[in-house]
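Pasting a predicted model and its sequence here:
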Protein chains: 2
Amino acid sequence: MARTVKQSQEVLDDIRREAKTVYDKISRRQKPQMKLPIRSLSNVRYDRKRGHFQLRGRNKVRTLTVNTVKTFAQTLKMLAMSRDLIQTERHSTKREAYYQAYNWGEAAFAGQDESDTVMDDVEAMLAVNREQLHFRADEHGGEVAGELIVLDRDRRTGAPLEIDCTKFGSGAYSVPTVVENLGFRTKAKFLLAVETKGMFERLVEEDFYDKQHCILVSMGGVPSRACRRFIRRLSDEKNLPVYVFTDGDPYGYFNIYRTLKVGSGNAAHLNEYFCVPRARFLGVTPEDIVRYNLPTHPLKEVDVKRARDAIANDPFIQSYKAWQNAVEKLLKMGVRVEQQALAKHGLEFVAEQYLPAKLKETGKFLP
Amino acid sequence: MARTVKQSQEVLDDIRREAKTVYDKISRRQKPQMKLPIRSLSNVRYDRKRGHFQLRGRNKVRTLTVNTVKTFAQTLKMLAMSRDLIQTERHSTKREAYYQAYNWGEAAFAGQDESDTVMDDVEAMLAVNREQLHFRADEHGGEVAGELIVLDRDRRTGAPLEIDCTKFGSGAYSVPTVVENLGFRTKAKFLLAVETKGMFERLVEEDFYDKQHCILVSMGGVPSRACRRFIRRLSDEKNLPVYVFTDGDPYGYFNIYRTLKVGSGNAAHLNEYFCVPRARFLGVTPEDIVRYNLPTHPLKEVDVKRARDAIANDPFIQSYKAWQNAVEKLLKMGVRVEQQALAKHGLEFVAEQYLPAKLKETGKFLP
């Protein structure tokens, strides 16, 4: 489905080749160039078959001139920093990268927005993701409990580690920000990604993963890159269906579910790695409100705006009639519903009635 | 230092006694009353010896009248809900509690603010914390790596579980929202609570906990109740020093460090459980900016306001000259500094130079 993720050695080779091209040009007293894909919504399309937002392939070319000399130098220095990180098996947050660049003299960044842009350039240029360059975001990666053994290694000894996600009691496994080197072993039937930590702990408490033979992931709101990448790699490697359980509101549908499934518009060159095309939406749907007589709240103005925007502009929603219908229905009902609302029928209802009923009809899940 | 935390049976007894008192009064055709401590800053004092904000002991008395009948009923129903949760070994989020109350007929809540208030009343009335009533917040509890074995049990079999926090590779142990029943085994020399996940992962990557024999906790910004309670219980039971490593700015000093150490003003009846009086501030201090020639940013208006407010109104800061001096110094310098700024001297600098130097002079840590 996706290109194979580049291995560290391959990334190192690419960095060297890129640098050598520039070096050779300069040695021959020619103006060096760097070619970068344009990163904006205008250069994006949604391909149902590939399953994520994609770049249309338009590039910009950066030629070394008096005006571009600083950015040019920064890009090369950023490539060098990445090479050092890969070679020393370290990772740097974006913030740390910005501070390390304080020593770059005239090439130092004016602010982190500048260093982030150069980092984005570098990952687009090499067609890799930031994590492969050994940069990482300062964000949580989600939490995991259930029938999964994560394979990692002890950094000090190199010895393999097996992390059994059924052995955390009331706690959980916290996903690191870089997941490229993790392996997996599982006999689970599916992965259930949950919007809130509260619902995640509810399902753990109800022994849900044991009864349903699944893996539970708490996204904690909009899933971070690390969380999306973790679910993606796990689902790819273990051929695992992914079901998503959020509130029944435009935020749950678009900001959480859509981001998990197809990625986000402003990072289209990365969606290939940071989306889960096979994800399907389990609930909470507008139908559930009626079927289970759930307590609701009126849609807020921001909800209505978000829903109308999505219908008008979001290539993903536009591609699926079922989603358009669902959103129209919610707008017509004028309400939103939270996943916790199922507690009206008792705390155990979600685990013993709602989810098992849904899981019998996975074909009815929204795409 | 603190009262012993009440065990489940004791809480059940208290609930029964409270309910019985009301029942007996009504049976004798008298007006039942409930006594609640007043929860506001005006009823708070800071006691250096006890180490946290405390209630001054003023109470309000709620008598059953036509005006109070709904709140009275809600309080009793909330007590009954808590009893059910304890007896079934379940926990309910505040949000779930609100939805469960949809079936209370005329006593149903108009909104979650109402149910939260009644929950606060109940915990103050019984002098317990919400978690002991088996209510929990929907929040992360922080992450842990290092020389600690967490003792939990398998909910299904009751079998004991040992969770070794040195065995997570690049990941971590995610602390559950309720930590009352966890046990600990450790030979660590201290616990280091870190502001950001990025710095936490930096220290894990540098083998810091191995070299320094410590436990690392990522607070992820202002520590949640669960995170504070976890650190408190661990440090109490294992007599473990707690050092705190945040950015050098008013937010790090007051919103993060002060909340961890003494609790927050608007939940004074709970600080006894949710603060870590022995915590001491390792850095980043204003002196560090000069000593290590760190990159800084100008203080924002909100920083200056926060600092001036603290000097003028915060009983904790007012109690420590050293903190007043530190804040005054920062205001005079007009700058703030991030913990990531240490990366200017190389990624490994924080683990190999900065923290080891600090740890040789723990006596100099801010109180």
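Received the coordinates, thanks.

how long is stretch A:274-288 from one end to the other?
With Cα to Cα, to the nearest Å applied, stretch A:274-288 spans 29 Å between its terminal residues.

scratch that, stretch A:149-158 is what I was asking about
With Cα to Cα, one end of stretch A:149-158 sits 18 Å from the other.

got it, and stretch A:335-342?
Using Cα to Cα, the two ends of stretch A:335-342 sit 15 Å apart.

contacts for it?
For stretch A:335-342, contacts defined as Cβ atoms under 8 Å, 6 or more residues apart in numbering or on different chains pick out A:194-196, A:198-199, A:245-250, A:283-284, A:288-289, A:292, A:294-300, A:303, A:330, A:349-350, A:354, B:93, B:95-96, B:98-99. All C-beta atoms are positioned from the backbone trio N, CA, C, and that covers glycine.

could you give the mean pLDDT of that stretch?
Mean pLDDT, computed over stretch A:335-342, is 94.

Please state the offset of it from the chain centre?
Distance of stretch A:335-342 from the chain centroid (Cα atoms, centre = their mean, to the nearest Å) equals 25 Å.

Take the contacts of stretch A:335-342 and keep only those in helices.
Residues of the contacts of stretch A:335-342 located in helices (DSSP state H): A:198-199, A:250, A:288-289, A:303, A:330, A:349, B:95-96, B:98-99.

Using ChimeraX, define a selection of the buried residues within the contacts of stretch A:335-342.
Applied in ChimeraX, the following selects the buried portion of the contacts of stretch A:335-342 according to 16 or more other Cβ atoms under 10 Å in any protein chain shown:
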select /A:194,195,196,198,199,245,246,247,248,249,250,283,284,288,289,292,294,295,296,299,303,330,350,354 /B:93,95,96,98,99
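
want to try CSV for the ones in helices among the contacts of stretch A:335-342, with distance to A:Gln9 and pLDDT as columns?
Converted to CSV, the ones in helices among the contacts of stretch A:335-342 look like this (distance: Cβ to Cβ, whole Å; pLDDT from 0 to 100):
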residue, distance to A:Gln9, pLDDT
A:Gly198, 43, 91
A:Met199, 42, 94
A:Pro250, 44, 93
A:Asp288, 49, 96
A:Ile289, 53, 96
A:Asp303, 48, 92
A:Leu330, 49, 95
A:Phe349, 52, 96
B:Arg95, 49, 90
B:Glu96, 50, 92
B:Tyr98, 54, 91
B:Tyr99, 53, 92
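
Which member of these is positioned nearest A:Lys364?
For the ones in helices among the contacts of stretch A:335-342, the residue nearest A:Lys364 by Cβ to Cβ is A:Asp288; the value is 11.3 Å.

Tell me if I'm right that the closest one and A:Thr246 touch.
No - the criterion here is Cβ atoms under 8 Å, and A:Asp288 misses it with A:Thr246 at 11.8 Å.

can I get the CA coordinates of the helix or strand encompassing A:Ile317 in PDB?
If you go by DSSP states H and E, A:Ile317 is part of helix A:315-319. Provided in PDB are the C-alpha atoms of helix A:315-319 (Å, rounded to 0.1, in the frame of the first residue of the first chain):
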ATOM      1  CA  PRO A 315     -12.100  15.800  -0.400                       C
ATOM      2  CA  PHE A 316     -12.500  12.900   1.900                       C
ATOM      3  CA  ILE A 317     -16.100  13.600   2.900                       C
ATOM      4  CA  GLN A 318     -16.900  14.500  -0.700                       C
ATOM      5  CA  SER A 319     -15.700  11.200  -1.700                       C
END
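
Report pLDDT for A:Val204.
pLDDT, A:Val204: 95.

ditto for A:Leu41
61.

tell me the contacts of whatever residue of the stretch 1-150 of chain A ends up closest to chain B?
Here the stretch 1-150 of chain A gets closest to chain B at one residue, A:Asp138, 3.5 Å apart by Cβ to the nearest Cβ. Contact partners of A:Asp138, counting by Cβ under 8 Å, 6+ apart, are A:93-95, A:177, B:196-198.

And for A:Arg225?
A:131, A:137, A:139, A:177, A:270, A:274.

just A:Ala351 next, same as before
Contacts of A:Ala351 by Cβ under 8 Å, 6+ apart are A:202-203, A:206-208, A:211.

If any of those residues are buried, give me the ChimeraX selection for them.
Buried residues among the contacts of A:Ala351 (16+ other Cβ under 10 Å), as a ChimeraX selection:
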select /A:202,203,206,208
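
In the contacts of A:Ala351, find the pair that's most separated.
A:Arg202 and A:Lys211 (13.5 Å).

okay if I get the contacts of A:Arg225 as JSON lines plus pLDDT?
Shown next, in JSON lines, are these (pLDDT from 0 to 100):
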{"residue": "A:Glu131", "pLDDT": "88"}
{"residue": "A:Ala137", "pLDDT": "81"}
{"residue": "A:Glu139", "pLDDT": "81"}
{"residue": "A:Thr177", "pLDDT": "90"}
{"residue": "A:Leu270", "pLDDT": "68"}
{"residue": "A:Phe274", "pLDDT": "86"}
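
Could you export those residues as JSON lines, including secondary structure and neighbour count?
Shown next, in JSON lines, are these (DSSP: H, G, I helix; E, B strand; the rest coil; neighbours: other Cβ atoms under 10 Å in any protein chain shown):
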{"residue": "A:Glu131", "secondary structure": "helix", "neighbour count": "23"}
{"residue": "A:Ala137", "secondary structure": "coil", "neighbour count": "18"}
{"residue": "A:Glu139", "secondary structure": "coil", "neighbour count": "18"}
{"residue": "A:Thr177", "secondary structure": "coil", "neighbour count": "26"}
{"residue": "A:Leu270", "secondary structure": "coil", "neighbour count": "25"}
{"residue": "A:Phe274", "secondary structure": "coil", "neighbour count": "25"}
